[in-house]
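>>> Dropping the sequence and predicted coords here.
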Amino acid sequence: MRRWLGVLGLAAFVAGCAASRPGPVKLRMWAMGREGEVVGELVRDFERGHPGIHVEVQQIPWTAAHEKLLTAVVGGSLPDVGQLGNSWISEFATLESLVPLDPFLVRGGLSRDAYFGGIWDTNVLDGVTYGVPWYVDTRLLFYRKDMLERAGYKAMPTDWKGWKECLRAVKARGGPGHYGIFLPTNEWMTPVVLGLQSGSPLLADGGTRGAFEEAAYRRAFDYYLGMFREGLAPAIGFNEIANKYQELSRGTFAMMVTGPWELGEFTRRLPDSLQSQWSTAAMPGPDGPGVSFAGGSSLVLFHGTKHPDEAWELVRFLSEPAQQVRFWRLTGDLPARRESWADTALTADARTRAFGDQLTRTQPCPKVPEWEEIATRVYEQADRAIRGATSPDSALATLDRLVDKMLEKRRWLAARRSAAGHRGRT
Amino acid sequence: MSATDVRASGVVARGAKRATLAGRQARAGLLLALPSVALILVFFWGPVLYGLWLSLTDFDVYAIADPSAVRFIGLGNYLHAFSEPDFWNALRITLVYALVGAPVSVAVSLATALLVDAKTTRWKPFFRAVYFAPVVTTLVAVAIVWRYLYQPQYGLVNALLGKFGIPRIDWLGDPHWALPAILVLAVWKNFGYNLLIFVAGLQNVPRELHEAAELDGASGWQRFWNVTLPDLAPVFLFVSVTTMINYFQLFAEPYVMTQGGPLKSTNSLVLLMYEQGFRWWRLGYAAALAFILFAVILGATAVQMRLQQREGRA
């Protein structure tokens, strides 16, 4: 009796181990922040159009994203599709965790021409494309029209000289305790954008040496320090201000350099009386409209995905102009695809139009894995110079010294590669 | 098997049997201990030795992709640490945490324990629960509330200080005040744990000793110093050593409140390790920092135990 039970049990076990019916392809996607909350809706439409594919979206907060991705790379648990901030593309490409997308792009009919050039370039390393831009981010000026008008300016000046004069006028009208602009001393975007505008490459020799002591960056750095020296901007960090929207409403300062998510935030947080009084303007450059930072997120395929074709279908779906516009309506994130900008909603609003204009003048930051840390040192040294703890010359010299030390490994790898090349090995 | 039995029989035969029994017992003991030892070897000593090896290399993001991009640099990471102002800053701040924060925490725990355990205190369980509550509350939730308390313009702390005429202090934004602010939070959050241990220790002090001292005319302070404290000595040693070790490793409070800022004034060694290892992927350097911290804690603990033992004997 016991023996028969045993045989029955074994048979049931073996039957259970038989190959399962081929079910739908299951794709995993990781998305961060607000985008992660919202992309689930778009994905439902994708599933309806592709009945054999099921997509599971996991939302990750930005503060934990970098560490979580690293753990996944090392632990081999990366998803199929992911959202990646485009300043991280070089890091993850170095880790060989991204699938080169060129063959897929040819098949899918996507190319650089469909996108803003500067943004597209952030995804290309050594001629290989690793990501498709999803939404774009750049920095420009958000300002109070009424405060500028009171100071005698009908529009934002378009060059450095005019910009400083405008800030001086605004400050003079405001009196003591008032400033022209809010530039948090612990953010790297503004000094880096000014550096790019000034023509500085930020890093030299193929990204193996710091170029912060060179004349181009020095010019931008002096201009930036001047903002604080003349009292045009308060010398505080973003965590030292109680509520920047409140201070802007109160007229403590008249403008700030920030990104597209503020379009929604300003509508929500500024009082009704000021809703018609704020606008956006492109960044002034040294001799005319200047470039800005090419930010945003891309969609990538992670190495080790078992369904690259289905994953590519999802990426292509999210890159369709209609889906990009829909995504914009849900999040306020600007579409990366130029065709989506033909939508009247995006071009009707003057404030969004300024973004469309600025996006035609963007430049990526140096595409090295160490960039995130270098950017931190940029603002740290700038902060010390602003607070008078060190002279500008000394700050830039220290910055170059720190950056050179950080890039030592990169130099060694480059030397090793070229040595291998000289010896005739590939 | 008693000693008399052993002596009663012949030496050689009994000796051989005893050796075998002892050997068998020893072997049995080893076998029973083997699972735990194996776990400790695999999950503790393994990673520690791997960490030691890592600290002698320049393992970083390039090495994760390409294992051949690892270079053995011997003591390079350690020398780099000693030449970095950031490291000395973090070490100084960690020493402040441990040499100021830990004694303050122990003192607060002991003082509160004395109050809770006093004869005239009613509702002792209630007070013990109230003081222990911060220990079990989530740090992130606590941090949100304390950020409101520390707010320069609208926070309660500055409002209270204002009543005494003290000007506003930017607790989390001023490099001079951020460290004390974090210490106050850390002490408040953790003193309850030691409080319970002290209360248990205090209850073991025999009441007769206290009564005898009172009869002899000893004041409260004299009774504390000569009766309570000596009896508490083992508990005190344990609490002070473990508290100091914990404060050397302070990470969560500065990470959640100030991220090591402003201007790196609350950056502990563990925070520096975290930043180097998990933000910048410099795992070799971070491992070296971990071993330096280990050496510091080992040294501090050795000094502390020697001091307390000497005091105990005197």
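Structure received.

>>> wait, what's in contact with whichever residue of the stretch 301-426 of chain A sits closest to chain B?
The stretch 301-426 of chain A approaches chain B most closely through A:Glu373 (4.8 Å), counting by CB to the nearest CB. Placement of C-beta: from N, CA and C, glycine included. Shown in contact with A:Glu373 (CB atoms under 8 Å, 6 or more residues apart in numbering or on different chains): A:Met406, B:Arg279, B:Trp280.

>>> can you rerun that using 6 Å?
Taking CB atoms under 6 Å, 6 or more residues apart in numbering or on different chains, we find A:Glu373 in contact with B:Trp280.

>>> tell me the phi and psi of it?
Taking degrees, to the nearest 10, you get phi -70, psi -40 for the backbone angles of A:Glu373.

>>> Let me see the ranges of the helices in the stretch 151-300 of chain B.
B:156-163, B:178-203, B:207-215, B:220-223, B:229-248, B:252-257, B:269-274, B:283-313 (DSSP state H, counting those that start in this stretch).

>>> Around chain B, which positions in the stretch 151-300 of chain A sit nearby?
Within the stretch 151-300 of chain A, the positions near chain B by CB under 6 Å from any CB of the partner chain are A:Glu240, A:Ala242.

>>> show me where the stretch 151-300 of chain A has strands.
A:181-182, A:203-204, A:209-210, A:255-258, A:278-281, A:292-293, A:295-301 (DSSP state E, counting those that start in this stretch).

>>> Kindly provide the whole-number mean pLDDT of the third one.
When pLDDT is averaged over strand A:209-210, the result is 92.

>>> what would the strands of the stretch 151-300 of chain A look like in TSV with mean neighbour count and distance to A:Phe92?
What follows is those, written out as TSV (neighbours: other CB atoms under 10 Å in any protein chain shown; distance: least, CB to CB, whole Å):
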stretch	mean neighbour count	distance to A:Phe92
strand A:181-182	21	33
strand A:203-204	18	19
strand A:209-210	20	23
strand A:255-258	22	26
strand A:278-281	22	32
strand A:292-293	26	20
strand A:295-301	25	7
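
>>> Dump those strands into CSV; add distance to A:Leu248 as well.
Formatted as CSV, the strands of the stretch 151-300 of chain A follow (distance: least, CB to CB, whole Å):
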stretch, distance to A:Leu248
strand A:181-182, 7
strand A:203-204, 34
strand A:209-210, 35
strand A:255-258, 7
strand A:278-281, 8
strand A:292-293, 20
strand A:295-301, 22
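
>>> so which of the ones you listed comes closest to A:Glu149?
A:Glu149 lies closest to strand A:278-281 among these, at 11.2 Å (CB to CB).

>>> strand partners of that closest one, parallel vs antiparallel please.
According to DSSP bridges, strand A:278-281 forms sheet pairs with strand A:140-144 (antiparallel).

>>> Mean confidence (pLDDT) on the helix or strand following the partner strand, please.
Using DSSP states H and E, the helix or strand that follows strand A:140-144 in sequence is helix A:145-150. In this model, helix A:145-150 has an average pLDDT of 94.

>>> List the buried residues of helix A:145-150.
Within helix A:145-150, the residues that qualify as buried are A:Lys145, A:Met147, A:Leu148, counting by 16 or more other CB atoms under 10 Å in any protein chain shown.

>>> now do stretch A:103-114
Those would be A:Phe104, A:Leu105, A:Leu110, A:Ala114, for stretch A:103-114 by 16+ other CB under 10 Å.

>>> how long is that stretch from one end to the other?
End-to-end span of stretch A:103-114 (CA to CA, to the nearest Å): 17 Å.

>>> List of residues touching that stretch?
With contacts defined as CB under 6 Å, 6+ apart, stretch A:103-114 is touched by A:Trp120, A:Trp312, A:Arg316, A:Arg337.

>>> The third one and A:Lys405: what is the separation?
This means A:Arg316. A:Arg316 sits 43 Å away from A:Lys405, going by CB to CB, to the nearest Å.

>>> And these two? Which one has more around it.
Using other CB atoms under 10 Å in any protein chain shown, the more surrounded residue of A:Arg316 and A:Lys405 is A:Arg316, with 19 against 13.

>>> could you check the distance from the closest residue in space to the more buried one that isn't next to it in sequence over to A:Ser319?
Leaving aside its chain neighbours, A:Arg316 sits nearest to A:Gly108 (4.9 Å; criterion: CB to CB, 6 or more residues apart in numbering or on different chains). Using CB to CB, A:Gly108 is found at 8 Å from A:Ser319.

>>> Lowest-scoring secondary structure element of chain B by mean pLDDT?
Lowest on mean pLDDT, DSSP states H and E among the helices and strands of chain B sits helix B:3-8, with a mean of 57.

>>> What helices and strands are in contact with the following helix or strand past that helix?
As assigned by DSSP H and E, the chain's next helix or strand after helix B:3-8 is helix B:11-40. Applying 3 or more CB pairs under 6 Å, 6 or more residues apart in numbering or on different chains; DSSP states H and E, we find helix B:11-40 packed against no helix or strand.

>>> Return the residues of chain B in contact with chain A.
Applying CB under 6 Å from any CB, one finds that chain B approaches chain A through B:Val61, B:Tyr62, B:Ile64, B:Ala65, B:Gln153, B:Gly173, B:Phe278, B:Trp280.

>>> What residue in the stretch 151-300 of chain A comes nearest to chain B?
For the stretch 151-300 of chain A, CB to the nearest CB, closest residue to chain B: A:Glu240, 4.2 Å.

>>> Okay, buried residues for stretch A:40-52 please.
A:Leu42, A:Val43, A:Phe46, A:Glu47, A:His50.

>>> Show me the shaky parts of chain A.
The model of chain A has pLDDT under 70 over residues A:1, A:9, A:11-22, A:423-426.

>>> again, only this time at 50
Per-residue confidence for chain A (pLDDT under 50) gives these ranges: A:425-426.

>>> care to break it down by domain?
Following automatic domain parsing, one gets these domains for chain A: A:25-136+A:294-348, A:140-292+A:367-412.

>>> Neighbours of B:Leu41, how many?
B:Leu41 has 12 neighbouring residues, counting by other CB under 10 Å.

>>> how about low-confidence regions in chain B?
Within chain B, the stretches with pLDDT under 50 are B:314.

>>> switch to 70 and redo it
For chain B (pLDDT under 70), the answer is B:1-19, B:311-314.

>>> Give me the most central residue, it.
B:Asn246 (1.9 Å; CA atoms, centre = their mean).

>>> if I pick that one, what's in contact with it?
If a contact means CB under 6 Å, 6+ apart, then B:Asn246 has no contacts.

>>> run the last query once more with 8 Å
B:Ala102, B:Asn190.

>>> and of the domains of chain A, who's closest to B:Gln25?
Ranking the domains of chain A by proximity to B:Gln25 (CB to CB) places domain A:25-136+A:294-348 first, at 43.9 Å.

>>> Now the phi/psi pair for A:Pro234, please.
The phi and psi values for A:Pro234, taken as degrees, to the nearest 10, are phi -80, psi 140.

>>> again with A:Asp80
In terms of degrees, to the nearest 10, the main-chain angles of A:Asp80 are phi -80, psi -50.

>>> Run a quick check on it versus A:Thr305, I expect a contact.
Yes. Judged on CB atoms under 8 Å, A:Asp80 makes contact with A:Thr305 at a distance of 4.1 Å.

>>> What is the burial count for A:Thr360?
When neighbours are counted by other CB under 10 Å, A:Thr360 registers 13.

>>> now swap in A:Asn239 and tell me
By the measure other CB under 10 Å, the count of residues near A:Asn239 is 14.

>>> do the one 3 residues further on as well
Number of residues near A:Ala242 (other CB under 10 Å) recorded here: 10.

>>> again, but for A:Leu407
21.

>>> distance of it from A:Ala419?
In this view, A:Leu407 and A:Ala419 are 18 Å apart by CB to CB.

>>> got it, and B:Leu110?
Taking CB to CB, one finds B:Leu110 at 65 Å from A:Ala419.
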